[in-house]
Each structure stands twice: as C-alpha cells, then as structure tokens.
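# model this:
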Amino acid sequence: MEARVTATIQGIHHVKVPVTYLATSRQFYEALFRLTVLLEFPDSDGVVRGVAYQPVGGVSLALREDPDRAVALAGYDLIAFAVEPATGIEAWVAELDSRGIEHSDPAPGAVGTVVGFDDPDHLKIVLYAGAPQ
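Reported below is the predicted structural model:
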C-alpha cells in the first residue's frame, strides 16, 4: 500500500483585503500598522492595484483594489489583530485617538478585550487583547 503524506496547515500565509482605492487604503494601513511593503502587483496595464506587506506576527496582509468586493464587505469584521493584553488595548486606543480614528470603547470579547474601528471602506477591524483571566 502506498504511504500517504499527511496534509497539515502550518499557519496563515496572508490575508487579502479588497479595497476601493488602493492609494487611500495603503496610506491608512501603512501608517496605522507601520507596515513595510514586500511586493507591489501591477496589472497587465502596468497600474499597481495590489500590495503585500512584510509579515507581522507570522501573517502577511495584502490589499487588492476591488471596489465591488470592498462595498459588499462594508460593515463586516473580516480581520481581528492580536495585541498585547490590557496595556496593548490602552496603547491602541491612544493611537487611534491621536489619528482621529473613531473606535468602540474597549469591551469584553469572547476570549479577551476588544476594540473595533473601520478602515476607509468601512470594513470592521478588531483589536483583540489576550484571554480572560
């Protein structure tokens, strides 16, 4: 009998976020999360409509200009970023406030404390800190 290779997942390679205007979303994500560009993806016409960032926490974030999908996902909480417990949430609240980004108050989540806010396309972003004590 032939030996079978066990297929396992080693982690998440990247998360691709559809955006309406790549330039606007790049400015938002790169500044807020201090992301470093890994690759830009020009379409056949030479216009860059996608970008991937250096991995943070083992996962790379990518943005892709796709207005129809961005509109369809508005209001959906697609991404939850893990941050340091308690003090991490406080630091992020201060960062969001300093940038004038409206956000929820810190609140208990299913497994920790959460703060939520919107990206330029109204995609919900959640910051998750730790697990309940």
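
# what's the distance between the residue nearest the centre of the chain and His103?
The chain has Ile79 as the residue nearest its centroid, 5.1 Å off, counting by CA atoms, centre = their mean. According to CB to CB, to the nearest Å, Ile79 and His103 sit 14 Å apart. C-beta: built from backbone N, CA, C; applies to glycine.

# Mark out where each domain of this structure begins and ends.
What automatic domain parsing lists as the domains of the chain is 12-72, 74-133.

# between the ones you listed, which gets nearest to Thr6?
Closest to Thr6 of those is domain 12-72 (CB to CB; 18.9 Å).

# what about the closest one, distance to the chain center?
Relative to its parent chain, domain 12-72 has a centroid offset of 9 Å by CA atoms, centre = their mean, to the nearest Å.

# surely Phe64 meets Asp43?
Phe isn't right for residue 64; it's Arg. No. Arg64 lies out of contact with Asp43 (CB atoms under 8 Å); the separation is 10.4 Å.

# shared neighbours of these two, anything?
Counting by CB atoms under 8 Å, 6 or more residues apart in numbering, the common neighbours of Arg64 and Asp43 are Arg49.

# I'd like the distance between the nearest residue in space to Asp121 that is not next to it in sequence and Leu63.
Closest residue to Asp121 apart from its sequence neighbours, by CB to CB, 6 or more residues apart in numbering: Ala70 at 4.4 Å. The spacing between Ala70 and Leu63, counted by CB to CB, is 10 Å.

# With neighbour numbers in mind, choose between those two.
A count of neighbours by other CB atoms under 10 Å puts Leu63 above the other of Ala70 and Leu63, at 25 against 22.

# Tell me the buried residues in stretch 115-123?
115-119, 121, 123 (16 or more other CB atoms under 10 Å).

# among those residues, which are in helices?
Counting by DSSP state H, no part of the buried residues of stretch 115-123 is found in helices.

# Out of these, which two sit at the greatest distance?
So, the buried residues of stretch 115-123 by CB to CB: farthest apart are Val115 and Asp121, at 18.8 Å.
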